[in-house]
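A.B. asks: I'll drop the sequence and a predicted model, then ask my questions.
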Amino acid sequence: SHSWDYSTQGGPDKWAEHFPIANGARQSPINIIPSQAQFDSSLKPLKIQYDPSRSKDILNNGHTFQVTFLDDNDSTILTGGPITGTYRLKQFHCHWGGSDNNGSEHTVDGVKYPCELHLVHWNTKYANFNEALNKSDGLAVIGVFLKIGSANPRLQKVLDVFGAIKAKGQQTTFPNFDPKNLLPASLNFWTYEGSLTTPPLYESVTWIVLKDPISVSSTQMQQFRKLLFTSAGETPLCMCNNYRPPQPIKGRKVRANFK
Ligand SMILES: NS(=O)(=O)c1c(F)cccc1F
Ligand SMILES: [Zn+2]
């Protein structure tokens, strides 16, 4: 599979060369304009049932860090909201900037947050995550914005192991972590049909972007930026600005489950 990155040479503006769907009709992320979102009373509340014992390990994959979950049963699932059926949590990861002024993938009225958390779930009508990856109803991703404020002690549990996954390809066990603790109090959300925000950019994601952010301190954001895009022994490149900018809405409707 072709190597891609977030640099000028191989970054988002170049992805269409090897992944032509980059210019597709339902690409992500997007700029969310709350005044143009349509309140939909038929949207059900999000039902998030996570079993912390299913968290497995944390990996630096050269693009972000990723916490991966055991997904061989229905103990860690997402139902309700805009989706039908049951989706299992596979992994969560983040995208962030080189400073506190940028970093999120989705924006709200053009506002960029310093970081965005993605909780990636796959539709159990398919055999597994890889089968679901390129199906139009294959994935459901919950997006959570991080806003600069007080330090986030739940997030700190993740940051504390970054020393063990500094370089690309490094991973370590990460047991008993409950990602429910990374969600804001309100589960008010916007939803729209989109795509993976990294190659292969499959148009297989029902996006569920929470309106309320969680907090992160500036010091904690500095810890994200100590991760490396590069493998051990290579010239170190700080892992930051690993976000795709908003893509054309192309007539899509964004719905809200709140007024
Ligand atoms: N960023 S994202 O949440 O769209 C995403 C996925 F859903 C799945 C795999 C990689 C990835 F980056
Ligand atoms: Zn993501």
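C.D. replies: All right, it came through fine. Ligands and ions are numbered 1, 2, ... in the order given.

A.B. asks: how about the residue nearest the centre of the chain, nearest residue that isn't a chain neighbour?
C.D. replies: By Cα atoms, centre = their mean, the mean C-alpha position of the chain lies nearest to residue 118, the distance being 2.1 Å. When the adjacent residues along the chain are set aside, residue 118 lies closest to residue 141, with 5.2 Å between them (Cβ to Cβ, 6 or more residues apart in numbering). Where C-beta positions appear, they are placed from N, C-alpha and C, glycine not excepted.

A.B. asks: what about the helix or strand harbouring that neighbour and ligand 1, touching?
C.D. replies: When secondary structure is defined by DSSP states H and E, residue 141 falls within strand 139-148. Yes: counting by Cβ under 6 Å from any ligand atom, ligand 1 has neighbours in strand 139-148: 139, 141.

A.B. asks: tabulate the CA atom coordinates of that strand in PDB.
C.D. replies: Once side chains and other backbone atoms are set aside, the C-alpha atoms of strand 139-148 remain, and they are given as PDB (Å, rounded to 0.1, in the frame of the first residue of the first chain):
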ATOM      1  CA  LEU A 139     -18.200   2.300  10.200                       C
ATOM      2  CA  ALA A 140     -19.500   4.800  12.800                       C
ATOM      3  CA  VAL A 141     -16.900   7.200  14.300                       C
ATOM      4  CA  ILE A 142     -17.600   9.400  17.300                       C
ATOM      5  CA  GLY A 143     -15.600  12.600  17.100                       C
ATOM      6  CA  VAL A 144     -14.900  14.500  20.300                       C
ATOM      7  CA  PHE A 145     -13.200  17.900  20.300                       C
ATOM      8  CA  LEU A 146     -10.600  18.800  22.900                       C
ATOM      9  CA  LYS A 147     -10.500  22.400  24.100                       C
ATOM     10  CA  ILE A 148      -7.700  24.000  26.100                       C
END
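
A.B. asks: so that it lines up with my notes, have the first residue be 736 from now on.
C.D. replies: New numbering, starting at 736: the last item is strand 874-883.

A.B. asks: who does that strand touch, helix- and strand-wise?
C.D. replies: Under the contact criterion of 3 or more Cβ pairs under 8 Å, 6 or more residues apart in numbering; DSSP states H and E, the helices and strands touching strand 874-883 comprise strand 822-831, strand 850-858, strand 940-945, strand 949-951.

A.B. asks: what angle separates the first one from strand 940-945?
C.D. replies: In this case it means strand 822-831. Direction vectors for strand 822-831 and strand 940-945, defined by axes from the mean of the first three to the mean of the last three Cα atoms, to 10 degrees, enclose an angle of 70 degrees.

A.B. asks: show the average pLDDT along whichever helix or strand comes after strand 822-831.
C.D. replies: On the C-terminal side of strand 822-831, the nearest following helix or strand under DSSP H and E is strand 842-843. Throughout strand 842-843, pLDDT has a mean value of 99.

A.B. asks: before we move on, what about stretch 801-810?
C.D. replies: 98.

A.B. asks: which residues sit against it?
C.D. replies: Among residues not part of stretch 801-810, those counted as contacts by Cβ atoms under 8 Å, 6 or more residues apart in numbering are 784, 786, 788-794, 811, 821, 823-828, 857, 859, 863-864, 893, 909, 912, 914.

A.B. asks: again, but for stretch 763-775
C.D. replies: Contact partners of stretch 763-775, identified using Cβ under 8 Å, 6+ apart, comprise 839-845, 878, 925, 927, 929-932, 940, 942, 944, 946, 978-982, 984, 987-994.

A.B. asks: next: stretch 739-754.
C.D. replies: 737-738, 757-758, 798, 933-936, 964, 976-980.

A.B. asks: which one of the residues you listed is nearest to ligand 1?
C.D. replies: Using Cβ to the nearest ligand atom, residue 933 comes nearest to ligand 1 of the contacts of stretch 739-754, at 4.0 Å.

A.B. asks: contacts only, for the most far-flung residue of the chain relative to its centre.
C.D. replies: In the chain, the residue that sits farthest from the middle, by Cα atoms, centre = their mean, is residue 968; the gap is 28.4 Å. With contact taken as Cβ under 8 Å, 6+ apart, residue 968 is in contact with no other residue.
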